[in-house]
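# Fold the stuff below for me.
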Amino acid sequence: MTSLPPALEFLVSTFPHPKLKKQFPGVCHLVVAQDADTHHDLTIQAGEVALSAPSGGKCDLRITLSLETFEAIMSGKLKPPKAFMEKKIKIKGKVGLAMKFQRVVDAVRKAQRT
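You can find the predicted model right below:
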């Protein structure tokens, strides 16, 4: 298994996050492409994160993006809605839940500052 890039490792270390259990309901499959041959699957559910695709492959939302885009979002240089409009993020599933992904980003950024 490939080691996690620092931005993803920090995301994983921020969880479990009890506030996100209510603020981000549902199952999100986050696919971050590191390069042409390597990608990382993360599942965000009930305020926790797992380093795998959702069990049974079922999720309410699937977000696919490059590591570069993920790092820009986590650093605050790029907002998720703008990344979507620029076609840097692919979304499949519940759009309403995708809008709440900003809460995950904000929680991780807040943790970075403390």
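# For the helix or strand hosting residue 31, buried residues please.
Assessed by DSSP states H and E, residue 31 sits inside strand 27-33. For strand 27-33, a neighbour-count test (16 or more other CB atoms under 10 Å) marks 27-30, 32-33 as buried. Where C-beta positions appear, they are placed from N, C-alpha and C, glycine not excepted.
# chain center to stretch 62-81: distance?
8 Å (CA atoms, centre = their mean, to the nearest Å).
# Which positions in it come out as buried?
Residues 62-63, 65-67, 69-74, 78, 80 are the ones in stretch 62-81 that count as buried (16+ other CB under 10 Å).
# so where's the protein shaky on pLDDT?
Scanning the chain for pLDDT under 70 picks out 1-2, 114.
# the inter-axis angle of the top helix by length along it versus strand 27-33?
When the chain is parsed with DSSP state H, its longest helix is helix 101-113. Angle of helix 101-113 versus strand 27-33, following axes from the mean of the first three to the mean of the last three CA atoms, to 10 degrees, is 70 degrees.
# Contacts for helix 101-113 next, please.
10-11, 14, 17, 19-20, 23-24, 28, 44, 61, 63, 73-74, 76, 79-81 (CB atoms under 8 Å, 6 or more residues apart in numbering).
# Next, the angle helix 101-113 makes with the helix or strand following the strand holding residue 31.
Counting by DSSP H and E, the element after strand 27-33 in chain order, helix or strand, is strand 39-45. Taking the same axes, to 10 degrees, one finds that strand 39-45 is oriented at 100 degrees with respect to helix 101-113.
# moving C-terminal of strand 39-45, what's the next helix or strand?
strand 48-50.
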